[in-house]
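K.L.:
predicted coordinates and the sequence they were generated for:
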Amino acid sequence: MSVTNDVVARVRQMDPDQKEFHQAVEEVMETLEPTVDRHPEFVKMKIYERLVEPERTVIFRVPWVDDRNEVQVNRGFRVQFNNAIGPFKGGLRFHPSVNLSIIKFLGFEQILKNSLTTLAMGGGKGGSDFDPKGKSDGEVMRFCQSFMRELFRHIGPETDVPAGDIGVGGREIGYLYGYYKKIRNDHTGVLTGKGIEYGGSLIRPEATGYGTVYFATEMLATRGIDLKGKRVAISGAGNVAQFAIEKVNQMGGTVISVCDSTSTIIDEQGIDPEKCRYIMELKNIRRGRISEYADTYKAACFEGDNVWDVIRKEGIKVDVALPCATQNEIDEGHAQGLVNNGCICVAEGANMPSSPEAIRVFQANNLLYGPGKASNAGGVATSGLEMSQNSSKLSWSRDEVDGKLLNIMKGIHKSCLDAAEAYGKKGDYVTGANIAGFVKVAKTMVAYGVV
Ligand SMILES: NC(=O)C1=CN([C@@H]2O[C@H](COP(=O)(O)OP(=O)(O)OC[C@H]3O[C@@H](n4cnc5c(N)ncnc54)[C@H](OP(=O)(O)O)[C@@H]3O)[C@@H](O)[C@H]2O)C=CC1
Ligand SMILES: O=C(O)CCC(=O)C(=O)O
């Protein structure tokens, strides 16, 4: 048995119920095989085994009082996975599905993603099974304050710097940061995604969606194809999806879909900038359902199906797919549906949105397939830029940050292709992203000795 297979088997045996974590580890370990022969020092120092074991995991009680004056209790998590190359860094997810397996898969992916950005950031992730949907601002604030009442002792600008993810946007970051500042009496860059008035970076809200589109354009360019005039399917209707729509519009593509967890909208006329602003207002301010879009604009609404179900069932032609909702939203059948309907490029805005079987379909059909840890790395990269601005007490202009984001995405794209070629897998972005992200972290861990 190879070292990497051993690691997968051990992870499965030690934590048998953590299926999302197994999936993430398996995908990475499969592709790291070529590094084993070339780096005997990684084997000797048990780097593969150490990579899948978090530095520490904190699980905590989050009690809070709802608007009816009743006490509620949720579970909080922070997995500090690896800080070899910089402070732990990664978002917080508030969603009822959150459990240790999901937080570990996200934290594990974050190690390699953050390494790819070239910035000094280790990997971590956290969150809670709290559901912000349907809660008042007061309830969300009291929950965030209780969450921070425990989290504050584990984080710091040089230790661990959380940010947003599903269910954690500007509102939540404001409540979390305000409470941290209150109890630590410290105004410091301990969170990213902050409001611009109190230390946030321009372009951070846009960065994940914009970066995903920049990555897609780089992939398309390798085949001499332009995004202009292409039909683009996007899933999700949250932060990543909204700014992916905005950037596709700026680059001359046509976005034909959007969804939330209850329904999918197909708009054959295209989700133009005005409709995109409508979605932002609907989702970020009114916190309504995406089905309302079809009441306002002439568009089809499919209850209970995600974007990929609808594309497959209805035979909707698509050139480019940008999954921006959640993990495993694209299964094998969805992937085949995309292939059958003409898709040439998939760039993941979400984390692990494609199942392993779906990835095999994309690769077997020679699609340009960009895994999330490369294609959505613009969000955390811009968080890294926010950290730099905070520590130097400077604020950069919109154009300056966007320019740096674009260069980082181009750099990640090149690193993926270079590593894939160097390790005998030319054009394979999955292998390239995993190896390029891993080797830097692994070399650093070797340099530190056994710690
Ligand atoms: N925010 C960031 O900077 C980064 C985010 N990501 C990843 O991008 C993805 C989206 O995150 P983000 O936009 O920030 O989160 P948001 O909470 O802003 O939006 C998530 C969107 O996805 C929808 N969604 C969630 N679950 C499902 C589902 N099962 N089926 C269909 N739609 C669903 C939500 O619907 P509803 O409104 O019904 O909840 C919502 O519209 C996640 O995978 C996240 O990990 C990756 C890198 C950085
Ligand atoms: O900006 C960050 O620190 C986190 C972004 C994130 O959670 C992610 O990349 O998945």
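P.N.:
Now that the structure is in, tell me what you want to look at. Ligands and ions are numbered 1, 2, ... in the order given.

K.L.:
show me what from the protein comes close to ligand 2.
P.N.:
89-91, 113, 163, 165, 192, 351, 379-380, 383 (Cβ under 6 Å from any ligand atom). Just so you know, the C-beta spots here come from the backbone N, C-alpha and C atoms, and that holds for glycine as well.

K.L.:
these two touch, right, Met121 and Lys89?
P.N.:
Yes. With contacts counted by Cβ atoms under 8 Å, Met121 reaches Lys89, the gap being 3.9 Å.

K.L.:
now for those two: what residues contact both?
P.N.:
114, 161, 380, 383-384 (Cβ atoms under 8 Å, 6 or more residues apart in numbering).

K.L.:
looking at the residues you listed, which are in helices?
P.N.:
Members of the shared contacts of Met121 and Lys89 lying in helices (criterion: DSSP state H): 114, 380, 383-384.

K.L.:
now, which of these sits nearest ligand 1?
P.N.:
Val380 (6.3 Å; Cβ to the nearest ligand atom).

K.L.:
who's in contact with the closest residue to ligand 1 within the chain?
P.N.:
Taking Cβ to the nearest ligand atom, ligand 1 has its nearest neighbour within the chain at Gly238, 1.8 Å off. By Cβ under 8 Å, 6+ apart, Gly238 lies in contact with 166, 169, 260, 283, 324-325.

K.L.:
relative to Ile279, how far out is it?
P.N.:
Distance of Gly238 to Ile279, computed by Cβ to Cβ, to the nearest Å: 10 Å.

K.L.:
the closest residue to Arg56 other than its chain neighbours pairs with what?
P.N.:
With sequence-adjacent residues excluded and distances taken as Cβ to Cβ, 6 or more residues apart in numbering, Arg56 is closest to Gln80, at 5.0 Å. Beta-bridge partners of Gln80, counted by DSSP bridges, are Arg56, Gly124.

K.L.:
same question for the one 10 residues further on.
P.N.:
In this entry, Gly90 is beta-bridged to Pro162, by DSSP bridges.

K.L.:
can you count the residues close to it?
P.N.:
Look at Gly90: counted by other Cβ atoms under 10 Å, it has 33 neighbours.

K.L.:
what secondary structure does the residue minimising distance to the centre of the chain sit in?
P.N.:
Central residue of the chain (Cα atoms, centre = their mean): Asn351, 4.3 Å from the mean position. Recorded secondary structure, Asn351: coil (DSSP: H, G, I helix; E, B strand; the rest coil).

K.L.:
list the contacts for it?
P.N.:
Going by Cβ under 8 Å, 6+ apart, Asn351 touches 105-106, 109, 327, 372-373, 376.

K.L.:
which of these fall within helices?
P.N.:
105-106, 109, 372-373.

K.L.:
quick check, nearest of the residues you listed to Cys416?
P.N.:
Distance to Cys416, by Cβ to Cβ, is smallest for Lys373 among those, at 9.7 Å.

K.L.:
which residue packs closest to the closest one, ignoring adjacent ones?
P.N.:
Lys113 (4.0 Å).

K.L.:
that neighbour: neighbouring residues, count only.
P.N.:
Residues lying near Lys113 (other Cβ under 10 Å) number 28.

K.L.:
next one: Asp295
P.N.:
Neighbours of Asp295 (other Cβ under 10 Å): 8.

K.L.:
also Phe60?
P.N.:
Residue crowding around Phe60 was assessed by other Cβ under 10 Å; the count is 18.

K.L.:
that one against Val73, yeah?
P.N.:
No. Look at Phe60 against Val73 with Cβ under 8 Å: they stay out of range, at 10.9 Å.

K.L.:
doesn't Lys404 lie inside a helix?
P.N.:
Yes. With three-state DSSP as the criterion, Lys404 is part of a helix.

K.L.:
what's around the closest residue to ligand 2 within the chain, how many residues?
P.N.:
Of the residues in the chain, the one nearest ligand 2 is Gly91, at a distance of 2.6 Å by Cβ to the nearest ligand atom. Residues contacting Gly91 under the criterion other Cβ under 10 Å number 27.

K.L.:
same deal with Met352?
P.N.:
25.

K.L.:
also Met14?
P.N.:
Residues near Met14, counting by other Cβ under 10 Å: 10.

K.L.:
what does the one 3 residues further on give?
P.N.:
The number of residues packed around Asp17, counting by other Cβ under 10 Å, is 9.

K.L.:
ok, Val73 next?
P.N.:
By the other Cβ under 10 Å criterion, the neighbourhood of Val73 contains 10 residues.

K.L.:
now do the helices in the stretch 301-450 of the chain.
P.N.:
Assigned by DSSP state H, counting those that start in this stretch, the helices in the stretch 301-450 of the chain fall at 307-314, 332-340, 356-364, 372-375, 378-392, 398-422, 429-448.

K.L.:
which non-adjacent residue is nearest Val450?
P.N.:
Counting by Cβ to Cβ, 6+ apart, Val450 lies nearest to Met45, which is 7.2 Å off, once chain neighbours are set aside.

K.L.:
I'd say that neighbour and Val446 touch.
P.N.:
Yes. Using Cβ under 8 Å, Met45 is in contact with Val446, at 5.2 Å.

K.L.:
before we move on, the earlier item: what's the spacing between the residue nearest to Arg56 and Gly209?
P.N.:
Relative to Gly209, and taking Cβ to Cβ, Gln80 is found at 27 Å.

K.L.:
these two: which has the busier surroundings?
P.N.:
Gly209 (28 against 24).

K.L.:
what about the more buried one, which helix or strand?
P.N.:
Assessed by DSSP states H and E, Gly209 sits inside helix 204-221.

K.L.:
neighbours around the nearest residue to Gly337 once chain neighbours are set aside, how many?
P.N.:
With sequence-adjacent residues excluded and distances taken as Cβ to Cβ, 6+ apart, Gly337 is closest to Arg312, at 2.8 Å. Applying other Cβ under 10 Å, we find 19 residues neighbouring Arg312.

K.L.:
what sits against Arg312?
P.N.:
Residues near Arg312 by Cβ under 8 Å, 6+ apart: 333-334, 336-338, 340-341.

K.L.:
of these, just the buried ones, PyMOL syntax please.
P.N.:
To isolate the buried subset of the contacts of Arg312 in PyMOL, counting by 16 or more other Cβ atoms under 10 Å, use the following:
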select buried, resi 334+336+337+338+341
